[in-house]
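Undergrad: Prediction below, plus the sequence it came from.
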Amino acid sequence: MSTIKPYQINIPDSKIERLKQKLALTDFPADNNQSWERGALVDDVKRLAKTWQTTFDWRAVEASLNKLPHFITSIGIEGFGALDVHFIHKKSDRTDAIPLLFLHGWPGSFVEVTRVLESLVDSNGGPSFHVVAPSLIDFGFSSASKPGFQVEHHAKLYDRLMNELGYEKYVIQAGDVGSIIARDMAASFGNSRCMALHTNTPLPSEPKEDTHPDLYKQLQKTPLTEGELKALVRAGEVSKTGMGYYSIQSTKPTTIGFSLRDSPVGLLAWIYEKLLQWSDAYEWTDEEILTWVSIYWFSTAGPDAPSNLYYAFEQSNPVAFAAAGAFIDVPLGISRFMNDLVLLPKLWNQTLGPVVFQEEHERGGHFAAWEQPGAIVGDLRLMFGDSDIERKAARTISNLEHLVDRDEALIRDWDETRAPRRLLSDGTYDETPRLSKAYLKTDPRYAEVREQPAIGRAFSRTFIGKVQQAAGFPVRKDFMIHHSIPQDCELGQACNHWSILDEAHWHNHPESLCLQVVAVRSDFVALGQSGFGLVHMFDDREPQQDRISTMPSYIFKFIKPDFSILERVGYTVVCWRLVDASPDAEIKWMDQYGRCM
């Protein structure tokens, strides 16, 4: 007999008052640390703690969360009795909707699903999903685990949850520790109940000559991309300085548990550091941070309990991460966010299973569904869409490096020794190329001209009109963004000096580096219309010779435009061009990845 019943979050007043008392009694570190190298910034934590104590309104957050369809049920696991599982469950009105299990990670929670829930459930033209997003055992408002509760028991429990909800077959989207559990579910229930897995946290094994001979040979012939090399460097840095949390939570969870359970500011600093350091320049609001942390503080099992999962990882045989890296014969989709913590070379992912979908996103970090919800929704729709064109378009984008035209006549190496230089006051030259309009005017190589394939011309004439007609609402908006040059920035280095110009001031910045941008609403992109491929200037319906297959323009690599400022106001870049870089240069439009159209 089903035990599923509606659930509402209702934290007792006494717990809220006790939290405020503890916050008022906090003793802060004496070193006043202001460097991320040493950990959480003291001033930031002090400010957040004060806000948490005085103005943060948990009841308002609680009321907002309670608008979601919460449920709780009791599920038995052999040897551990019955455990209560809290979950969000929202069904689509579509009869052909796909049951999707959404597994969160740490330091996230069920709240991560809130930014993708409506778009997944209610698709206009693409696949829709029945979404089930549980609080993992030991997280949120689910039960505490018992000693010996391993990854395999988590997997059994969430499979039984889907069965109790009437879903005989389902697919999974998972990230972080949720992906470790999802891999176990795929291994245990793959192709009978778990029909496919999509993850934004792939953790493949390195292909070796003795374990993956064919893939190993392919790797020897395939140089790593610039993005993959940067990701490997970042992964190395993370392994040296960013894994302290894992070491203690996976080996001595009780020791750290005293601090996490007793000190709200200790918990705040522990989580806040990860939110800031693991995301991709995402602008966290104080309310977002305190909501995430409060869900841990008010959780059923307590804020120390999630460490039990990390301990279970290391107690498994084989160790959970090794098991998750094994080949599992279940269709696998992967979203690669290029600024995630650990991102291994793309070809390595073939060691995980049959990769049927793979997409790369230039922006986005570890908390993909929260930072880039449109990207996650779009990828899931493409992976599970009915349209073969959509799937082909996605594969074309994700496999771009295999289609690149490497003709030296089209792709000219940039010689840094001939880059524009600045004369300094002492009569010497600044040897570091800088980002400024004046420099770009001095070198015609920054205005790279290429032939425009037919699909690019078709885009400019017809695409926007067609997608607007299909969507039924205005989807296009033109922007001008500029680099304000508070100081000259180094060429090729990302910076945060980009801003959106008000339309009335487009012509009032003669010294600024300005880009003209055509964008479409992100909620339209998330719909997964068949025209989605054209947003990226690809379409398998075009002849091979008419597809765009060029490398990103060097001007794109040099100026590193920050398109996230448009993403934060709900728009996705379609194409852009530099404004007035050189009086006699013809500046071509480029797509959001810097490929000339």
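TA: Ah, there it is.

Undergrad: Let me know whether residue 42 touches residue 35 as I believe.
TA: No: the pair residue 42 and residue 35 fails to qualify as a contact (C-beta atoms under 8 Å) at a distance of 10.1 Å. From N, CA and C alone the C-beta is placed, and that goes for glycine too.

Undergrad: Compare neighbour counts for the two and give me the winner.
TA: residue 42 (17 against 8; other C-beta atoms under 10 Å).

Undergrad: which SSE is residue 289 in?
TA: helix 286-297 (DSSP states H and E).

Undergrad: buried ones in whichever helix or strand comes after that helix?
TA: Using DSSP H and E, the next helix or strand after helix 286-297 towards the C-terminus is helix 307-315. Across helix 307-315, burial judged by 16 or more other C-beta atoms under 10 Å covers 307-313.

Undergrad: for helix 307-315, what is the average pLDDT?
TA: The average pLDDT for helix 307-315 rounds to 92.

Undergrad: ok, back up a step: I'd like a version of the buried residues of helix 307-315 in JSON lines, one that adds distance to residue 224 as further columns.
TA: What follows is the buried residues of helix 307-315, written out as JSON lines (distance: C-beta to C-beta, whole Å):
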{"residue": "307", "distance to residue 224": "35"}
{"residue": "308", "distance to residue 224": "37"}
{"residue": "309", "distance to residue 224": "32"}
{"residue": "310", "distance to residue 224": "30"}
{"residue": "311", "distance to residue 224": "35"}
{"residue": "312", "distance to residue 224": "34"}
{"residue": "313", "distance to residue 224": "29"}
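
Undergrad: is it true that residue 62 touches residue 13?
TA: No: between residue 62 and residue 13 there is no contact under C-beta under 8 Å: 11.7 Å.

Undergrad: neighbour count winner among those two?
TA: Ranked by neighbour count (other C-beta under 10 Å), residue 62 and residue 13 place residue 62 first, with 17 against 9.

Undergrad: SS state for that one?
TA: helix (DSSP: H, G, I helix; E, B strand; the rest coil).

Undergrad: Name the helix or strand for the residue nearest to it when sequence neighbours are not counted, please.
TA: Take residue 62 and drop its neighbours on the chain: the residue closest to it by C-beta to C-beta, 6 or more residues apart in numbering is residue 9, 5.2 Å away. Under DSSP H and E, no helix or strand contains residue 9.

Undergrad: which residues does residue 9 contact?
TA: 62, 65-66, 70, 141 (C-beta atoms under 8 Å, 6 or more residues apart in numbering).

Undergrad: Out of those, which end up buried?
TA: Buried members of the contacts of residue 9, counted by 16+ other C-beta under 10 Å: 62, 65, 70, 141.

Undergrad: Now for the most centrally placed residue in the chain: which residues touch it?
TA: Taking C-alpha atoms, centre = their mean as the criterion, residue 368 is the residue nearest the geometric centre of the chain, at 2.4 Å. By C-beta under 8 Å, 6+ apart, the residues touching residue 368 are 175, 200, 335, 337, 340, 375-376.

Undergrad: Could you measure from the residue lying closest to residue 279 once chain neighbours are set aside over to residue 98?
TA: Among residues not flanking residue 279 along the chain, residue 365 sits closest, at 4.2 Å (C-beta to C-beta, 6+ apart). Distance of residue 365 to residue 98, computed by C-beta to C-beta, to the nearest Å: 27 Å.

Undergrad: Tell me if the residue nearest to residue 279 really is in a helix.
TA: No: read with three-state DSSP, residue 365 is coil and lies in no helix.

Undergrad: returning to that earlier point: confidence score at the residue nearest to residue 62?
TA: Confidence score, pLDDT, at residue 9: 98.

Undergrad: Pop out the phi and psi values for it.
TA: phi -70, psi 130 (degrees, to the nearest 10).

Undergrad: What of residue 243?
TA: Dihedral angles (degrees, to the nearest 10) for residue 243: phi -110, psi 10.

Undergrad: and what of residue 181?
TA: phi -70, psi -40.

Undergrad: Without its sequence neighbours, what residue ends up closest to it?
TA: In this structure, residue 181 finds its nearest non-sequential neighbour in residue 154, 4.7 Å apart by C-beta to C-beta, 6+ apart.

Undergrad: Burial check on the one you found, number of neighbours?
TA: Applying other C-beta under 10 Å, we find 26 residues neighbouring residue 154.

Undergrad: So what's the model's average confidence on the helix or strand hosting it?
TA: Assigned by DSSP H and E, residue 154 belongs to helix 151-164. For helix 151-164, mean pLDDT rounds to 97.

Undergrad: again, but for stretch 249-265
TA: Mean per-residue pLDDT for stretch 249-265: 96.

Undergrad: in that stretch, what counts as buried?
TA: Neighbour counts over stretch 249-265 (16+ other C-beta under 10 Å) mark 249-250, 253, 256-257, 260, 263-265 as buried.

Undergrad: Kindly report the same for stretch 17-31.
TA: In stretch 17-31, counting by 16+ other C-beta under 10 Å, buried: 19, 22-23, 26.

Undergrad: How about residue 6, nearest residue that isn't a chain neighbour?
TA: Excluding its sequence neighbours, the residue lying closest to residue 6 (C-beta to C-beta, 6+ apart) is residue 71, at 6.0 Å.

Undergrad: returning to what we had before: closest one of the buried ones among the contacts of residue 9 to residue 359?
TA: For the buried ones among the contacts of residue 9, the minimum distance to residue 359 (C-beta to C-beta) is 30.2 Å, reached by residue 65.

Undergrad: ok now do the nearest residue to residue 83 once chain neighbours are set aside, which residues does it touch?
TA: Once flanking residues are discounted, residue 83 sits nearest to residue 143: 4.3 Å by C-beta to C-beta, 6+ apart. Residue 143 makes contact with 83-85, 137, 300-301, according to C-beta under 8 Å, 6+ apart.

Undergrad: got a winner among those residues for most neighbours?
TA: residue 137 (30 neighbours).

Undergrad: confidence score at it?
TA: 98.

Undergrad: Alright, I will stop here.
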